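[1] Dropping the sequence and predicted coords here.
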Amino acid sequence: MGSFVSREDEREFEPVEWGRTKNLCGPDFGGAEYLKINITEYAIGSGHRLHFHPGQEEVIFILDGEGVTKTDKGDVPVRPGTCIFVPAGSNHETINVLKDKPLKALVIKSPPKEMKGK
């Protein structure tokens, strides 16, 4: 398979519990075998609950807004330019702390789907 080009403005957001997300590349769109790339917007005052991925690494790169990421080592403020690496099996949570706009992030997961027990 050759290269693939995806444009954020040509992809539609899908609702999720904490906001909305759109897939830019992955097995379901773009054919990537080993990773998944999404743009995610955490709704005002919202975020995903503390959780972990047993067999999946995650990178969250903050594009816009402000928030807090909760990790095994405590709460860390995040803003544009912040890169969060979450190793497989590590508890994490990201929360939008602003009252006037979403927290926007580029989210990369590898492998693209969780591998249970790995």
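    Thanks, I have the structure now.
[2] if I look at the residue most central in space within the chain, how far off is Ile37?
    Centroid-nearest residue in the chain, with Cα atoms, centre = their mean: Val107, separated by 3.1 Å. As judged by Cβ to Cβ, to the nearest Å, Val107 and Ile37 stand 7 Å apart. (Glycine included, C-beta is placed from N, CA and C.)
[3] Other residues contacting the least confident helix or strand in the chain by mean pLDDT?
    Taking mean pLDDT, DSSP states H and E as the measure, the helices and strands of the chain show their lowest mean at strand 67-71, namely a mean of 92. Residues from elsewhere that reach strand 67-71 (Cβ atoms under 8 Å, 6 or more residues apart in numbering): 42, 47, 50, 60, 75-79, 84, 86, 90-98, 103.
[4] List the neighbouring strands of it plus their orientation.
    The strands that strand 67-71 pairs with in its sheet are strand 74-78 (antiparallel), strand 92-96 (antiparallel) (by DSSP bridges).
[5] For the first one, list the C-alpha coordinates in PDB.
    The reference is to strand 74-78. Output of strand 74-78 as PDB, limited to C-alpha atoms (Å, rounded to 0.1, in the frame of the first residue of the first chain):
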ATOM      1  CA  GLY A  74      -0.300  13.200  40.000                       C
ATOM      2  CA  ASP A  75      -2.100  16.000  38.300                       C
ATOM      3  CA  VAL A  76      -0.300  17.900  35.600                       C
ATOM      4  CA  PRO A  77      -1.600  21.100  33.800                       C
ATOM      5  CA  VAL A  78      -1.700  20.900  30.000                       C
END
